[in-house]
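A.B. asks: coordinates for the following, if possible.
(2 chains)
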Amino acid sequence: MHELSICKSILDIVDRHAAGREVQTVHLRVGALRQIVPDTLVHCWSLVNEQTALAGSELRVERVPAAIRCRSCAHVQTLDEPILVCDGCGGTEVEIVAGEEFLITALELAEA
Amino acid sequence: MGRFHRHDDGTAHTHEHGDDGHGDHSGYRTGAERVEVLERIFDENDHTAAANRADLEAAGVTAVNLMSSPGAGKTSLLRETLLRLRGSVRVGIVEGDIETSIDADRLAGLGAEIALLNTSNGFGGECHLDAPMVRSALARLPLPELDLLVVENVGNLVCPAEFTVGEHARAMVFSVTEGEEKPLKYPVMFRSADVVVVNKIDLLPHLDFDLAAFYRNLLAVNPQVTAIETSVRTGQGIDGWCDWLRALVRRQPARR
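C.D. replies: Reported below is the predicted structural model:
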């Protein structure tokens, strides 16, 4: 739903870093706790870049699983569900250590 | 536009393929130079949100981002809130609505300053308010004359949770007609809330809604959350919600 406006933000950032060079691939990292649907994002990317210098560029999405660390027992675990409870001691004082990422990691640019 | 397809490694993308078939392009393309970027995609929104927060604080205004699914009762709760805060807390409202001014009209005449934001004139109609949109609405409000700003977001449990707008606190209205599993289905929204208003509580006798299961699910995704049970119809709990808002306004270091 919000993937379209997110693609516009991505477009601005990529444009700035590409500095006029041809972009072949845009690499993204998306955490599992982000409500962002990679397929939708990729589809919106092709819509948003259509009339721009980035037309034809690929968006490649790397998903990162969510992980928490317990503040009481220091147990670290990967989450399959968004349940913020420690498997080790049952504590709820946990911090999220992975899964909230949403960033552009790299561009692949054509040789000048 | 290119063709959409998916790779075995779970990535999906769109591009044109020639007649030579798909081939292996999991690595770098020949002749490509890789440039590290490492830039957060919400950075621009977050910068504008910080500017909004700074402007609000300079004017002594506390801001609440009010979110819910459509029909949970945000606007009717706000009506009751304005009636109770009138005369003691000066309220401004940013009213997000995709198309109409119906909600803004429902809030008119209750002493609040209202700035309407229709989101349909953006790129295809937005499902949320973002910080730049709210910034344009702030420019239309007399901030120094306000104590509390309520940003009534677009009714939606997904997108608004991803965009901070410069708020000091996030409030969510959840109605018991929505089902007790919702915190697990929309964890980002429920986790981001400082307070969840459990509305339409007067309907409980008529529903199969399991309130204890709802709280279990809510606390699983957000152990620190405050919950306030309300009914806009009977008035139950509305004073408690208003007290929560008053306490929030008092906590904020106001510069007047």
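A.B. asks: where does pLDDT dip in chain A?
C.D. replies: For chain A, residues meeting the criterion pLDDT under 70 lie at A:1, A:112.
A.B. asks: find the centremost residue of it, please.
C.D. replies: With distances taken as C-alpha atoms, centre = their mean, A:Val30 lies nearest the centre of chain A, 2.2 Å away.
A.B. asks: touching, that residue and A:Thr40? I think so.
C.D. replies: No: counting by C-beta atoms under 8 Å, A:Thr40 is not a contact partner of A:Val30; they are 11.4 Å apart. In short, each C-beta sits where N, CA and C put it, glycine included.
A.B. asks: pull up the pairing partners for the longest strand seen in chain B, direction included.
C.D. replies: Counting by DSSP state E, the longest strand found in chain B is strand B:32-40. Paired neighbours of strand B:32-40 in the sheet (DSSP bridges): strand A:102-110 (antiparallel).
A.B. asks: centre of the chain to the strand it pairs with, how far?
C.D. replies: Distance of strand A:102-110 from the chain centroid (C-alpha atoms, centre = their mean, to the nearest Å) equals 11 Å.
A.B. asks: how about that strand: buried residues?
C.D. replies: Using 16 or more other C-beta atoms under 10 Å in any protein chain shown as the test for burial, strand A:102-110 gives A:102-109.
A.B. asks: between those, which is nearest B:Ile98?
C.D. replies: Of all the buried residues of strand A:102-110, B:Ile98 sits closest to A:Phe102, with 24.1 Å by C-beta to C-beta.
A.B. asks: for B:Cys159, grab phi and psi.
C.D. replies: Note on B:Cys159: backbone dihedrals following degrees, to the nearest 10 are phi -70, psi -40.
A.B. asks: say whether chain B is contacted by stretch A:43-57.
C.D. replies: Yes: against chain B, stretch A:43-57 shows contacts by C-beta under 8 Å from any C-beta of the partner chain at A:43, A:45-47, A:50, A:56-57.
A.B. asks: that's a helix at B:Arg135, yeah?
C.D. replies: Yes: checked against DSSP: H, G, I helix; E, B strand; the rest coil, B:Arg135 lies within a helix.
A.B. asks: residues contacting it?
C.D. replies: B:48, B:51-52, B:166 (C-beta atoms under 8 Å, 6 or more residues apart in numbering or on different chains).
A.B. asks: then B:Asn222?
C.D. replies: Contacts here follow C-beta under 8 Å, 6+ apart; on that basis B:Asn222 touches A:84, B:183, B:190-191, B:193, B:196.
A.B. asks: please apply the same query to B:His47.
C.D. replies: Contacts of B:His47 were listed using C-beta under 8 Å, 6+ apart, and they are B:Ala131.
A.B. asks: are we agreed that it is in a helix?
C.D. replies: Yes: counting by three-state DSSP, B:His47 is found in a helix.
A.B. asks: how far away is it from B:Gln252?
C.D. replies: For B:His47, the distance to B:Gln252 equals 21 Å [C-beta to C-beta, to the nearest Å].
A.B. asks: and the strands in the chain, which stretches?
C.D. replies: You didn't pick a chain, so chain A it is. A:23-31, A:58-64, A:67-70, A:76-78, A:94-98, A:102-110.
A.B. asks: not quite, I wanted chain B
C.D. replies: B:3-6, B:12-15, B:32-40, B:62-68, B:91-97, B:113-118, B:148-152, B:169-175, B:195-199, B:226-229.
A.B. asks: mean pLDDT for those: which is lowest?
C.D. replies: The weakest mean pLDDT among the strands of chain B belongs to strand B:3-6, with a mean of 48.
A.B. asks: how about the contacts made by B:Glu95?
C.D. replies: Contacts of B:Glu95 (C-beta under 8 Å, 6+ apart): B:101, B:103-104, B:107, B:114-117, B:152.
A.B. asks: beta-bridge partners for B:Ile228, please?
C.D. replies: For B:Ile228, the beta-bridge partners under DSSP bridges are B:Val197.
A.B. asks: out of the contacts of B:Glu95, who's the most crowded?
C.D. replies: Of all the contacts of B:Glu95, B:Glu152 has the most neighbours under the rule other C-beta atoms under 10 Å in any protein chain shown, reaching 27 neighbours.
A.B. asks: please name the nearest non-neighbouring residue to B:Leu143.
C.D. replies: Spatially, and ignoring its direct neighbours in sequence, B:Leu143 is nearest to B:Ala59 (3.7 Å; C-beta to C-beta, 6 or more residues apart in numbering or on different chains).
A.B. asks: if anything else comes up later, I'll come back, but that's it for now.
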